[in-house]
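# Got a sequence here, can you model it:
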Amino acid sequence: QRVREARDRLTSTSGTRPAFDTELLRQYAQTRVSASFVVMLLVVATGVLFGLWKYAVPAAVWTVGMLCIHATIIRNCKRFLSEQPNLAATRKWQTRFVLLDLLYGLSWTAILLDPAGLDVVSNTMMMFLMLLVIAVSSMLAATLPIAAVAATAPVTAAIALNFVMGGTFDNYALALLAVAAESYFALLAHQLHSTTLETIEARAEKDALIGELEQAKAISDEARHRAESANVAKSRFLAQMSHELRTPLNAILGFSEVMKSEIFGAHAVPVYKEYSADIHNSGVHLLNLINEILDLSRIEAGRYELNEEAVSLVHVVADCHHLLKLR
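Residues are numbered from 1 along each chain as shown. Okay, the predicted model is just below:
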């Protein structure tokens, strides 16, 4: 079943392979949860900075509202992680996360815009915070590029428009720089998304290969067990048949030996003696074959005992030459 699911995910041809959307979304939620403290620290630091620099009460209200939005995002991420993966529910969660990130980006826009203070310090502060916000948002939402765009595009568009309304060349340059930074981080988020998707695909392919290897190993083990069972059955059959054949063969060899030796008197027909010798020789040959079969059965069963004895190499070489000449 795991092999089949992995193959279905690998062979999907629709878009960015929706079968991987659930895992990508889970990574998005896990990243959001793990980086919640960093985002909360950024929000609080920004609120304190603006409260000390410009407006204390609006900055405090913004900080509280931003923390509530952040808590809502974290709570939804934890709820998604606690649920069972479901492709239909994943699409709903994607829409929900995109809307939450859009609200998150609009909230940052509210604190970063300062139409009354288009001086050098305000422009520098706005540009610095904008770059910091879109960098953090792009990294957190890299596995969900639409959410990354939803969180950063409102901030970039509002600040670029604010710079353009300044009417000076420096403000135009800053607006162009803001758009370029947004494009760069959007491209970076897309590259991170592609890398993560390729990693997931490689892991799924590895799981599929491991599953196929396990399946092949199971089939191989089953075939080996069957072959071993068949071999044991064959050995038992040969041993049983060999013993069954030796019982009547002993009678044939014994009586043929008696007839060949003419123990009870000469044959009335001399040729019967030759027939008896032929029967005895054939029986001896058959007995040797049966003994060899028994030896083969013992070897396969691992119960064959070897007897060491001296051999004349001269006779062995002579026998080999004799066999070669016969061939």
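
# any idea which helix or strand comes after whatever helix or strand Ala180 lives in?
Here Ala180 sits within helix 169-261, counting by DSSP states H and E. Counting by DSSP H and E, the element after helix 169-261 in chain order, helix or strand, is helix 271-301.

# Report the mean confidence score over the helix holding Ala180.
For helix 169-261, mean pLDDT rounds to 80.

# separation between the residue of the chain most remote from its centre and Leu253?
Largest separation from the mean C-alpha position in the chain: Ala268, at 86.9 Å (CA atoms, centre = their mean). Distance of Ala268 to Leu253, given as CB to CB, to the nearest Å: 23 Å. Every C-beta, even on glycine, is put in place using the N, C-alpha and C of the backbone.

# Please look at Gln27 and Thr196 and confirm they touch.
Yes - using CB atoms under 8 Å, Gln27 is in contact with Thr196, at 6.6 Å.

# Grab the most central residue of this structure for me.
Note: the chain centre (CA atoms, centre = their mean) maps to Asp207, 2.0 Å.

# Quick one: distance of the helix or strand encompassing Met40 to the chain centre.
According to DSSP H and E, Met40 maps onto helix 36-53. Taking CA atoms, centre = their mean, to the nearest Å, the mean C-alpha location of helix 36-53 is offset from the chain mean by 42 Å.

# if we can go back for a sec, okay, and the common contacts of Gln27 and Thr196?
Thr143 (CB atoms under 8 Å, 6 or more residues apart in numbering).

# where along the stretch 51-200 of the chain do the helices fall?
Along the stretch 51-200 of the chain, counting by DSSP state H, counting those that start in this stretch, helices occupy 56-82, 87-112, 120-140, 145-164, 169-261.

# hey, which of the ones you listed is tucked in deepest?
helix 145-164 (a mean of 22; mean count of other CB atoms under 10 Å).

# Give the other helices and strands that that one contacts.
On a contact count with 3 or more CB pairs under 8 Å, 6 or more residues apart in numbering; DSSP states H and E, helix 145-164 meets helix 87-112, helix 120-140, helix 169-261.

# want to throw these into TSV with distance to Glu309?
Formatted as TSV, these follow (distance: least, CB to CB, whole Å):
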stretch	distance to Glu309
helix 87-112	77
helix 120-140	82
helix 169-261	25
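
# so which of those helices gets nearest Met40?
helix 120-140 (11.6 Å; CB to CB).

# show me the contacts for the closest residue to Ser137 other than its chain neighbours.
The shortest distance from Ser137 to any non-neighbouring residue, by CB to CB, 6 or more residues apart in numbering, is to Ala151 (4.1 Å). By CB under 8 Å, 6+ apart, the residues touching Ala151 are Asp101, Leu102, Tyr104, Gly105, Ile134, Ser137, Ala141.

# My read is that the first one contacts Ala141, right?
Just to be clear, that refers to Asp101. Yes - with contact defined as CB under 8 Å, Asp101 reaches Ala141; the gap is 6.2 Å.

# and the end-to-end length of stretch 134-146?
End-to-end distance for stretch 134-146, by CA to CA, to the nearest Å: 13 Å.

# Measure how far that stretch is from the centre of its chain, please.
27 Å.

# if we look at that stretch, which residues are touching it?
So stretch 134-146 is contacted by 24-25, 27-28, 31-32, 35, 38-39, 42, 94, 97-98, 101, 104-105, 147-148, 151-152, 155-156, 181-182, 185-186, 188-190, 192-193, 196 (CB under 8 Å, 6+ apart).
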